[in-house]
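Enquirer: I would like to see how this sequence folds:
(4 chains)
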There are 2 protein chains.
Amino acid sequence: MSATVPAAEAPMRQRILDLAEEMLLSRGYEGFSYQDIADAIGIRKASIHHHFASKEDLGSAIVERSRIRLAEARGPVVEDAARIRKLLDNYFRFFERLAEEGKKLCLGGRLAADQMVLPEAVRVPHRAFLGDNETWLTELMRAGQKTGVITRAQSAADLALLLRATIQGAVQIARSSGSVDPYRRIVRQLKQQLLA
Amino acid sequence: MSATVPAAEAPMRQRILDLAEEMLLSRGYEGFSYQDIADAIGIRKASIHHHFASKEDLGSAIVERSRIRLAEARGPVVEDAARIRKLLDNYFRFFERLAEEGKKLCLGGRLAADQMVLPEAVRVPHRAFLGDNETWLTELMRAGQKTGVITRAQSAADLALLLRATIQGAVQIARSSGSVDPYRRIVRQLKQQLLA
DNA sequence: GTCTATAGCGGGATAGAC
DNA sequence: GTCTATCCCGCTATAGAC
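Expert: The predicted model follows:
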């Protein structure tokens, strides 16, 4: 459990990664440049090439980091009703925070939108990221059904798909409306259907 | 009711608009250039500036055209069960066609993803487009409830929001998976909940 | 209405000094 | 590890001939 390091004192590689991720999620892969990052940190763009030789490297590093983080943050899906409820709640709240900020999209949805302009070196980890998500969410749905937390009878895979689509759309709609409210209203209905 | 003109013989302004829309929906606002359009048509990029002085003009023209088209295509929401069912079906099939092609996103979702890099001249008609959609969908939901086609009790506005979020997410997930299948599985569940 | 030519900018990337 | 300087490219946009 590493201590949180203030942004200004974090190692440069991490500061670049953090800033680039922020910009990627809000503006898209083509919407930020080495110049933008350099200006925000107060260094020259050539210095960024020292840490990430190419933009592809930077892009794929962002995705890989998120993939690892998610795997750690989610932990195992054990078949315990309280645990399942907790995991589901965390899931909804993660995206609610994005909707509250109103600037960023979720990584999966962001890169899905950008996919036609992504270099292959970024598309590959993105696909892996999506696969991880799908797998975990499907497990969660299945465990939810077994423990009675989720009452719907469809296949767990179908439920996972519905959940992800709805959340992804909700985050985007909230951002484009400039308010969290749509997110909350959509998720309230989604929960009702899933947990009713 | 105007006859459909083959692309190669359509007026140049329209050919540019068609191609630019195609590219916008698949690659995003920053993902296509005057050069791309010029190459595809077989003219020089300077010629495009004759029809659309700036990229903003081209962008906003695309959105305005879609707005008008949609208003015409949808027609009035009359409170007749068969009519409502028909309209809902058309709605789902419109997006299913996008998912089948697997290249484009819907205009609302595409520009929502791009919004942080859109010039104000494109954002304005986009907001109007989203507003039109929201209004029409809400009317449709209300009429659906009155005629008994839709059995859910939530507010029509909430249902409209849920519908739009789910569809928008479904189109994106289908495209990033390279198959219509996810779209169909998501929409099947959505219909079940709405119409059950 | 289309062309050639070019301006002016910003992008990613590299070489080499410090 | 950061810097200056520079390269080459593609972008939007404009001027002016045809």
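Enquirer: can the longest helix that chain A contains be found next to chain B?
Expert: Secondary structure of chain A per DSSP state H: the longest helix is helix A:120-146. Yes. Using C-beta under 8 Å from any C-beta of the partner chain, a contact is recorded between helix A:120-146 and chain B, made by residue A:130. Any C-beta I mention is one placed from the backbone N, CA and C, and that applies to glycine too.
Enquirer: ditto for stretch A:67-83
Expert: No. Judged by C-beta under 8 Å from any C-beta, stretch A:67-83 and chain B are separated, with a smallest distance of 15.5 Å.
Enquirer: likewise stretch A:104-114?
Expert: Yes. Interface with chain B: stretch A:104-114 contributes A:105, A:109-114 (C-beta under 8 Å from any C-beta).
Enquirer: In strands, which of those fall?
Expert: Secondary structure from DSSP state E places none of the residues of stretch A:104-114 next to chain B in strands.
Enquirer: Of those residues, which is the nearest to DNA strand D?
Expert: Nearest to DNA strand D among the residues of stretch A:104-114 next to chain B is residue A:114, at 15.9 Å by C-beta to the nearest atom of the strand.
Enquirer: What is the burial count for the closest one?
Expert: Using other C-beta atoms under 10 Å in any protein chain shown, residue A:114 has 25 neighbouring residues.
Enquirer: distance of it from residue A:55?
Expert: Distance of residue A:114 to residue A:55, given as C-beta to C-beta, to the nearest Å: 13 Å.
Enquirer: now do residue A:129
Expert: Distance from residue A:129 to residue A:55, counting by C-beta to C-beta: 18 Å.
Enquirer: what's the answer for residue A:147, then?
Expert: On the measure of C-beta to C-beta, residue A:147 and residue A:55 end up 45 Å apart.
Enquirer: Looking at these two, which has the bigger crowd around it?
Expert: Comparing residue A:147 with residue A:55 by other C-beta under 10 Å, the one with more neighbours is residue A:55, at 19 against 16.
Enquirer: contacting residues around the more buried one?
Expert: Going by C-beta atoms under 8 Å, 6 or more residues apart in numbering or on different chains, residue A:55 touches A:34, A:119.
Enquirer: Now do it against residue A:28, distance only.
Expert: Distance, residue A:55 to residue A:28, using C-beta to C-beta: 13 Å.
Enquirer: And for residue A:196?
Expert: 37 Å.
Enquirer: out of those two, which sits in the more crowded spot?
Expert: Neighbours were counted for residue A:196 and for residue A:28 using other C-beta under 10 Å; residue A:28 has more, 25 against 9.
Enquirer: in chain A, which spans are helices?
Expert: Using DSSP H, the helices of chain A run over A:12-27, A:34-41, A:45-51, A:55-74, A:81-101, A:107-114, A:120-146, A:156-177, A:181-195.
Enquirer: The first one near DNA strand D anywhere?
Expert: It stands for helix A:12-27. Yes. Using C-beta under 7 Å from any atom of the strand, helix A:12-27 reaches DNA strand D at A:12-13.
Enquirer: between the longest helix of chain A and helix A:156-177, what angle do the directions make?
Expert: Angle, helix A:120-146 to helix A:156-177, by axes from the mean of the first three to the mean of the last three C-alpha atoms, to 10 degrees: 120 degrees.
Enquirer: Give me the buried stretch members for helix A:120-146, please.
Expert: Neighbour counts over helix A:120-146 (16 or more other C-beta atoms under 10 Å in any protein chain shown) mark A:122-123, A:125-127, A:129-130, A:132-134, A:136-145 as buried.
Enquirer: With stretch A:149-158 instead?
Expert: So for stretch A:149-158, counting by 16+ other C-beta under 10 Å, buried means A:149-150, A:152, A:154, A:156-158.
Enquirer: restrict these to contacts with chain B.
Expert: Subset of these in contact with chain B: A:154, A:158, counting by C-beta under 8 Å from any C-beta.
Enquirer: Adding pLDDT, write the buried residues of stretch A:149-158 out as TSV.
Expert: What follows is these, written out as TSV (pLDDT from 0 to 100):
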residue	pLDDT
A:149	97
A:150	97
A:152	95
A:154	96
A:156	98
A:157	98
A:158	98
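Enquirer: JSON lines please, covering the buried residues of stretch A:149-158 and showing distance to DNA strand D.
Expert: JSON lines is the format used below for the buried residues of stretch A:149-158 (distance: C-beta to the nearest atom of the strand, whole Å):
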{"residue": "A:149", "distance to DNA strand D": "47"}
{"residue": "A:150", "distance to DNA strand D": "47"}
{"residue": "A:152", "distance to DNA strand D": "46"}
{"residue": "A:154", "distance to DNA strand D": "44"}
{"residue": "A:156", "distance to DNA strand D": "44"}
{"residue": "A:157", "distance to DNA strand D": "40"}
{"residue": "A:158", "distance to DNA strand D": "40"}
